[in-house]
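Participant: Sequence plus the predicted model coming up.
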Amino acid sequence: MLDIQAIRKDFPILGLKVYDKPLIYFDNAATTQKPTVVVEKIRDGYYNVNANIHRGVHFLSQAATEAHEEARRKVQQFINARYSHEIIFTRGTTEAINLVASTFADAFLSSGDEVIISAMEHHSNIVPWQIQAAGKDIAVKVVPVDEKGELCMDAYRRLFSEKTKLVAVAHVSNVLGTVNPVEDIIATAHNHNVPVLIDGAQAVPHMRIDVERLDVDFYVFSAHKIYGPTGIGALYGKEEWLDKLPPYQGGGEMIASVSFEKTVFNELPFKFEAGTPDYIGSTAFAEALRYVEGIGMERIAAYEQELLRYATEKVQSLDIPVRIFGRAGHKSSVLSFLAGDIHHYDMGMLLDRLGIAVRTGHHCAQPLMQALGIEGTVRASFAFYNTKEEIDAFADGLERVIKMLTKR
Ligand code: PMP
């Protein structure tokens, strides 16, 4: 289906050796590697197109402005938003959630109101709401997670009250891989006239997203998790909501006119983009989206599912009891586990010495760890440039570590 060896050539970093061993990069949920076309786009931007955008009459400024706005249209088309001005460039998922939390709270939340999140959220989709809650006496209600790692949808439905003002939930869990039933989550909230923010950081790299079909009110994600540059991401918001929200930050670009008596804010999307935007990053972000489209999201999803199935089988057949966290029917290519009573950190350290990069710890989801009654997990997360041979080497590595750390 996919020519993985050809694809791997697009990612020079995958040829690295660490500790004299071929790098096996299984930390894709934290960040993905970048194909040459993305790196070249950044280089080309600085070499050939660099000028501050939206303000200049000169040639370069207009070229840079057009490239940035074209990138916005690419993001719009990629997630099937209706208008390009519904795409706000942010520093990433975290800033996008903070933007919505802060401005939504300013405009619509008051004492006694409630926001619903879930027990499997990343800290980025917990702390911004807690900050607003503390300042305004707002309650944050939490949808529990069952033993398979799925959201308890009955409990979700029961959380709604007259006071519920917003739902903010991850599309895909960065720890469990669970793909949440966002259509149902959104439809249920809309029945109560409550808008929904979906944290798509772990979904966008693995499946086709259609914000129009989802009818979602806000959808956020980061470029660096979908083979794009660090420091940029996108907030999609329905025009009707973005129009109603106040600006997030003040500064250049977000104004129509300024006087000491009265400042008039700019129209969308510029109202939310104070200061010089990352116009080099935006074009590289768009290039990354074109790159994955060139491979095909459906083909990426199918291949990653095959990797997940293969890795799950391998881990389960280890010569030691293994606990896998996240056994949802619908999962993305994330495998979180603990082997015997081996500490996740020891496992990660020793795998690293074999050239295998996995993540260990709480994965910025401490409340989920508390719910699972653990401190952390070992997490292997796969991208379409990974191979079954790498998974074989990973399984061998696990066997070696297990032998080293268990007394028999
Ligand atoms: N939400 C989820 C589900 C994530 O996995 C992450 C990144 N680990 C974030 C939010 C935060 O993304 P960023 O650090 O790019 O802002």
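Facilitator: All right, it came through fine.
Participant: Can you dump the C-alpha atoms of stretch 393-408 in CSV for me?
Facilitator: As requested, the backbone C-alpha atoms of stretch 393-408 are provided in CSV (Å, rounded to 0.1, in the frame of the first residue of the first chain):
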residue,chain,number,x,y,z
ALA,A,393,13.5,-4.5,17.3
PHE,A,394,11.4,-2.8,19.9
ALA,A,395,10.0,-6.2,21.1
ASP,A,396,13.5,-7.6,21.2
GLY,A,397,14.6,-4.6,23.2
LEU,A,398,11.7,-5.1,25.6
GLU,A,399,12.7,-8.7,26.1
ARG,A,400,16.3,-7.6,26.9
VAL,A,401,15.2,-5.0,29.3
ILE,A,402,12.9,-7.4,31.1
LYS,A,403,15.6,-10.0,31.4
MET,A,404,17.9,-7.4,32.8
LEU,A,405,15.4,-6.0,35.4
THR,A,406,13.6,-9.1,36.6
LYS,A,407,15.1,-11.8,38.8
ARG,A,408,14.2,-15.3,37.7
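Participant: Rounded mean pLDDT for it, please.
Facilitator: What stretch 393-408 shows for mean pLDDT is 92.
Participant: who's in contact with that stretch?
Facilitator: When contacts are defined by Cβ atoms under 8 Å, 6 or more residues apart in numbering, stretch 393-408 is touched by residues 24, 26, 311, 314-315, 318-320, 339-340, 342, 346-347, 350-351, 354, 356, 380. All C-beta atoms are positioned from the backbone trio N, CA, C, and that covers glycine.
Participant: now, which of the residues you listed lie within strands?
Facilitator: Secondary structure assignment by DSSP state E places 24, 339, 356, 380 of those in strands.
Participant: what residues does the stretch 1-150 of the chain put near the ligand?
Facilitator: Within reach of the ligand by Cβ under 6 Å from any ligand atom, the stretch 1-150 of the chain has these residues: 92-94, 122, 124-125.
Participant: Any chance of CSV for those residues, columns neighbour count?
Facilitator: Rendered in CSV, the data for those read as follows (neighbours: other Cβ atoms under 10 Å):
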residue, neighbour count
Gly92, 22
Thr93, 26
Thr94, 21
His122, 21
Ser124, 22
Asn125, 25
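Participant: of those residues, closest to Gln370?
Facilitator: Comparing those against Gln370 with Cβ to Cβ places His122 closest, at 14.4 Å.
Participant: you'd agree the closest one is up against Pro367?
Facilitator: No - His122 sits out of contact with Pro367 when judged by Cβ atoms under 8 Å, with a separation of 10.1 Å.
Participant: before we move on, the earlier item: among the ones in strands among the contacts of stretch 393-408, which two are most distant?
Facilitator: Taking Cβ to Cβ, the two most distant members of the ones in strands among the contacts of stretch 393-408 are Ile24 and Ala339; they sit 17.3 Å apart.
Participant: just the helices in this structure please.
Facilitator: When secondary structure is read from DSSP state H, the chain shows helices at 4-9, 36-44, 59-78, 93-108, 127-136, 153-159, 182-191, 211-214, 239-244, 279-295, 297-316, 344-353, 366-372, 388-405.
Participant: Contacts only, for the residue nearest in space to the middle of the chain.
Facilitator: Residue closest to the mean C-alpha point of the chain, counted by Cα atoms, centre = their mean, is Ala201 at 1.2 Å. Each residue near Ala201 by Cβ under 8 Å, 6+ apart is listed here: 93, 122, 124, 170, 174, 220-222, 225.
Participant: Would you mind giving the domain segments of the chain?
Facilitator: The record assigns the chain these domain ranges, following automatic domain parsing: 4-30+296-405, 39-294.
Participant: What separates the first and last residues of the longest one, distance-wise?
Facilitator: Pointing back at domain 39-294 there. Between the opening and closing residues of domain 39-294 lies a distance of 17 Å (Cα to Cα, to the nearest Å).
Participant: Check the shortest one too.
Facilitator: Using Cα to Cα, the span of domain 4-30+296-405 from its first residue to its last is 34 Å.
Participant: Not counting sequence-adjacent ones, nearest residue to the residue nearest to the centre of the chain?
Facilitator: Nearest residue to Ala201 in three dimensions, chain neighbours excluded: Thr93, at 4.3 Å (Cβ to Cβ, 6 or more residues apart in numbering).
Participant: so the one you found touches His123, yeah?
Facilitator: No - with contacts counted by Cβ under 8 Å, Thr93 stays clear of His123, the gap being 11.2 Å.
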